[in-house]
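J.: Predicted coordinates and the sequence they were generated for:
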Amino acid sequence: MGGHQDAHHEDFQLKDTNPLLGEQWPKGAAGPARPAVGGGIAGWLGMDKPSSTYDLVEQMFFLYVRVVKAKDLPPNPLTGAPMDPYVEVKLGNYKGTTKHYDRRANPEWDQVFAFSKSRVQSNALEVYLKDRDMIGRDDYVGRVVSDLGEVPTRVPPDSPLAPQWYRLEERRGDGGYKVRGELMLAVWIGTQADEAFPEAWHSDAATVRGEGVASVRSKAYVSPKLWYLRVNVIEAQDVQPQSRGRAPEVFVKAQVGNQILKTSVVAAATLNPRWNEDLVFVVAEPFEEQLVMTVEDRVSPRKDDLLGRVQLPLTLFEKRLDHRPFVQSRWFDLEKFGIASAIEGETRRELRFASRVHLRACLEGAYHVMDESTMYISDTRPTARQLWKPPVGVLEVGILSATGLQPMKNRDGRGSTDAYCVAKYGQKWVRTRTMIGTSSPTWNEQYTWEVFDPSTVITIGVFDNCHLGNSGGNGNNNGGGGGGGPPARDARIGKIRIRLSTLETDRVYTHAYPLILLTPSGVKKMGELRLAVRFTCLSMMNMVHLYTQPLLPRMHYLHPFTVTQLDALRYQAMGIVAARLGRAEPPLRREVVEYMLDVESHMWSMRRSKANFFRAMSLFSGAAAGARWFADVCLWKNVATTALVHVLLLILIWYPELILPTVFLYMFFIGLWNYRRRPRHPPHMDTKMSWAEAVHPDELDEEFDTFPTSRQKDVVYMRYDRLRSVAGRIQTVVGDMATQGERLQSLLSWRDPRATCVFVFFCLIAAVVLYVTPFRVVALVAGLFLLRHPRFRSKLPAVPSNFFRRLPSRADSML
């Protein structure tokens, strides 16, 4: 059983890989001749070209076909009207088509098709132009045929290949050819480093149709620029309640989008209430929402009367880049509602005043708006670009491939996975293309980020694409809830995190990371993700200087937010980022963004609580080991060690100036000794430390429960009782700690007059003795007493311990 558990845990470990990164273009004359794939294609790569800048991925070769436009197309022979043209590009069994145009003689497409070299089954490229027929079979107009052996090779940063006009030829009955217009094409051999690669139609995704085509392409996204909107509600003036004869209980409610905050209630007989409270919101550029301020009267716990309202565009407020500039306050007139508004409408000319609110509002640009968990933060820069410092490094990540992915859905009666990767660092998100129907996808895509702080984390997740439009999330329809069902959601496969500060500079890390997913049924390995990672330092001096600077911008320390405020603002920022990225094309869906940002990390989990408890306990393991070693020294279990400690004690007493140098020299040698055993790879998800392997099924069910809960009452009662039991033990520990602290305070508080009297006279005697006795003698006596032989020790507790335990605490006053 133990061997089986070790093998199971070994399956979750990081593995070294040896990919062929930055491979050179093959030479036609070097080595034995390469066999032709599909017949006669060895001439494709017969040129000696240097490798591209994609040096962290394995080069993949593609045949690119750019269909630009056509001209001089003949009209429809039956109707005489212009045809409905489209182009069909065919290479072996793979076929891609452009969109068709209605009645156009000179159409323009500018569409690129990419055919993977590894799947080529022909030595000729055929490009057909056809006339779409809504009733019968599409009419053939003409074609262009190219020999793949004559296709040129292009390597960025070479300029794009210029397209050329080709005659569209149709074979006649007498064996000749008839020209039926011209088609502009560009055909070349390239790699995934080509500029046309992200937007190209890929033969790997030839089965995807319609709207699903956009969702399989690789894309880069940028998070919206987030600001903190600080609204200082100072006061209101001439606020008239709707119901006469009662003192109004007035408060201000502010709303930006779906964020709602309220001030405290002013219960006073005044028409000019004053608050002077700050309300902080998260807003994103471009500013689409408005700030809506309402003044309301708390009539009853369930009823609030609306007294006035004002709606303000966010562009009205100034942007503050530091804490020093003073923001000018402004008065804003309130639009009245209810009875007061009717009265005002009748007597508007007679009134010399109107209700208004006094605000001081600004957009804070000197803060960093946190949109991810603070434990895995990937960016610490302030919002205002003027306050950014130059980058200190460059992070390059090659997303190579994945192996052993578990089937995520059924297609045609068998398991299938359509996997893609998402990487997030700073404000930049990247998404690889989707590899259709394979458990071992190969992406070989490389991405680069600027690094402004090494103490940050990059997160890379793998997902199953459930929005292909033609093959199902559960069976045959991934399009998102056909037939009235719930919309499809991209399924999680797993994610990894890499902290940049754990990477050595200029070293390429090539590892296979386990993709570990925690499910309601337990922890599961979903496959392995192969990466190549390199962190390059641009300035070592700036890098070292960063370690002396605060992690967050200065405003977080000069005018800090409370922990509760930060949690609420982070949650709002996550929602804004998810909503904005979900509006991109193709969208980065909400479930993907929330998983990458760890939206649920703040939720209660018994498993996480146990893991964090044992993490805290492990911190004290070194101190506990040191205490046990010292106890063994005091008990003379090893006579030689105890004798050496006595010698060290005498040296330090006679030469106390050596204490600090000795401590630092000791830590220096410990650091040198540990260098030999330094980690050789980045840290990864640890299932044992996370308590994911031994977690109880009911605890997992509780962790995956919704908030508020959706479980049966008896299950909720049982979990509540369990939580009360755990909380009771925590309560006991916290109470014991408070008791010890209160006993320490009671030494001089005369709460126990006899104990305090004894302690005060002891302090007097100790002061006199220490004044007249040299410090070296005191230290020597104390050290020898502490290290005395066991035959001079008593098994009973020491006198100071007995005295301390008898001191009173405030626990006696607890109910």
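T.: Everything's here; your move. Numbers count the residues shown, from 1 in each chain.
J.: Let me know how buried Met375 is, in neighbour terms.
T.: 9 (other CB atoms under 10 Å). The C-beta positions use only the backbone N, C-alpha and C, and glycine is treated the same way.
J.: Specify the local secondary structure of it.
T.: What DSSP: H, G, I helix; E, B strand; the rest coil gives for Met375 is helix.
J.: pLDDT at it, what is it?
T.: According to the prediction, Met375 has pLDDT 85.
J.: Pull up the gap between Pro774 and Phe762, please.
T.: Between Pro774 and Phe762 the distance is 21 Å, computed by CB to CB, to the nearest Å.
J.: meant to ask about Leu185
T.: Distance, Leu185 to Phe762, using CB to CB: 99 Å.
J.: Show me which of the two is the more surrounded one.
T.: A count of neighbours by other CB under 10 Å puts Leu185 above the other of Leu185 and Phe762, at 21 against 11.
J.: so the more buried one sits right up against Val145, yeah?
T.: No - contact criterion CB atoms under 8 Å: Leu185 and Val145 do not qualify, at 11.3 Å.
J.: what residues do these two have in common as contacts?
T.: Jointly contacting Leu185 and Val145 under the rule CB atoms under 8 Å, 6 or more residues apart in numbering are Val127.
J.: Wait, Val523 touches Ala694, no?
T.: No - judged on CB under 8 Å, Val523 makes no contact with Ala694 at a distance of 9.7 Å.
J.: Which one's more surrounded, these two?
T.: Val523 (20 against 12).
J.: tell me the SS of the more buried one?
T.: Applying three-state DSSP: Val523 is strand.
J.: how close does it sit to Glu699?
T.: Using CB to CB, Val523 is found at 12 Å from Glu699.
J.: Worst mean pLDDT across the helices and strands of the chain, which element?
T.: Every helix and strand of the chain was ranked by mean pLDDT, DSSP states H and E. The lowest is helix 338-346, at a mean of 47.
J.: Work out for me the element Met526 sits within.
T.: strand 522-537 (DSSP states H and E).
J.: Centre of the chain to that strand, how far?
T.: 15 Å (CA atoms, centre = their mean, to the nearest Å).
J.: Alpha carbons of it, in PDB - could you do that?
T.: C-alpha atoms of strand 522-537 as PDB (Å, rounded to 0.1, in the frame of the first residue of the first chain):
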ATOM      1  CA  GLY A 522     -11.200  14.200  -5.400                       C
ATOM      2  CA  VAL A 523      -7.900  15.300  -6.800                       C
ATOM      3  CA  LYS A 524      -7.200  14.200 -10.400                       C
ATOM      4  CA  LYS A 525      -4.300  14.500 -12.700                       C
ATOM      5  CA  MET A 526      -5.600  15.700 -16.100                       C
ATOM      6  CA  GLY A 527      -2.400  15.500 -18.000                       C
ATOM      7  CA  GLU A 528       0.900  17.300 -18.300                       C
ATOM      8  CA  LEU A 529       1.800  20.700 -19.800                       C
ATOM      9  CA  ARG A 530       5.200  21.100 -21.400                       C
ATOM     10  CA  LEU A 531       6.700  24.600 -21.100                       C
ATOM     11  CA  ALA A 532      10.000  26.400 -21.900                       C
ATOM     12  CA  VAL A 533      10.500  29.500 -19.600                       C
ATOM     13  CA  ARG A 534      13.300  32.000 -19.600                       C
ATOM     14  CA  PHE A 535      13.700  35.100 -17.500                       C
ATOM     15  CA  THR A 536      16.200  37.700 -18.800                       C
ATOM     16  CA  CYS A 537      17.500  40.500 -16.600                       C
END
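J.: buried residues in it?
T.: 523, 525-535, 537 (16 or more other CB atoms under 10 Å).
J.: Following the chain onward from the helix or strand where Phe761 lies, which element is next?
T.: Under the criterion of DSSP H and E, Phe761 resides in helix 753-772. For helix 753-772, the succeeding helix or strand toward the C-terminus, using DSSP H and E, is helix 775-786.
J.: Pull the distance from the helix or strand following that following helix to the chain's centre.
T.: On the C-terminal side of helix 775-786, the closest following helix or strand by DSSP H and E is helix 799-805. Put simply, helix 799-805 sits 52 Å off its chain's centre (CA atoms, centre = their mean).
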